[in-house]
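> need coordinates for the following:
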Amino acid sequence: MNLKLAIGAPSLTGKGVHDETVATAAGMEFPCRLFVVNHMPRAAVFPESGIELASTLADSGSVAEATFASAAVLQRLIRTASEVAELNGYALALTISDAPPEPAVVDDAAATDAQTPAVDTNTTSDGEGAGGEGSDAGDPPATDAAPATAPNAGGTPKKKK
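Numbering: from 1, shown residues only. Reported below is the predicted structural model:
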């Protein structure tokens, strides 16, 4: 059998997951072992299936080989993953296949660029935004003003005796 299911948000993929799942499970023999791959930037835990997958941001753990005891367990996993994808706007949440996934080819230059933290260049050394000290954009820096005096607490001043 050559099985490959891509599960994502139905509103983004344009296809409902129920009909596809029923048709797929109808031709399968259970129990069966399938590979589940998490494509979400969050961990995915499906207790009914005994699957715990790390997020795609982790170095490993986003792929699992799981045994499905029945079509109902597989359908529940697919429905739950579809709901999570819909709630979070993921076009692709999980893939389920009967063959192990091929390892991703990593471009070392792209991986290095992706791991370099972004630097906010729109601030000065004191954390002020553009237009602060030393800025060539607009107004000169504000001068230090005398602190404002607070009005008397309690309203009207008391008369001295």
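> which residues are contacting the longest helix anywhere in the chain?
Secondary structure of the chain per DSSP state H: the longest helix is helix 71-88. Defining contact as C-beta atoms under 8 Å, 6 or more residues apart in numbering, one finds that helix 71-88 is touched by 5, 7-12, 17-18, 21-22, 25-26, 28, 30, 34, 36, 40, 42, 44, 46, 48-49, 51, 68, 90-94, 96. All C-beta spots, glycine's among them, are computed from the backbone N, C-alpha and C.
> in the chain, which spans are strands?
Per DSSP state E, the chain carries strands over the ranges 4-7, 32-38, 44-46, 51-53, 63-68, 94-97.
> show me which residues of the third one are buried.
By that I understand strand 44-46. Ala44, Phe46 (16 or more other C-beta atoms under 10 Å).
> do the same with the longest one
Buried residues in strand 32-38, counted by 16+ other C-beta under 10 Å: Cys32, Leu34, Phe35, Val36, Val37, Asn38.
> repeat for the fourth one
Buried positions in strand 51-53, judged by neighbour count with 16+ other C-beta under 10 Å: Ile51, Leu53.
> which elements pack onto that strand?
When contacts are defined as 3 or more C-beta pairs under 8 Å, 6 or more residues apart in numbering; DSSP states H and E, strand 51-53 sits against strand 32-38, strand 44-46, strand 63-68.
> quick check: can you name the pairing partners of that strand and their directions?
strand 44-46 (antiparallel) (DSSP bridges).
> the second one now?
The partner list of strand 32-38 in its sheet, established with DSSP bridges, is strand 63-68 (antiparallel), strand 94-97 (antiparallel).
> okay, those strands, which one's buried deepest?
strand 94-97 (a mean of 20; mean count of other C-beta atoms under 10 Å).
> and for that one, what are the contacting residues?
Outside strand 94-97, the residues that touch it by C-beta under 8 Å, 6+ apart are 3-7, 34-40, 44, 74, 77-78, 81, 85, 101.
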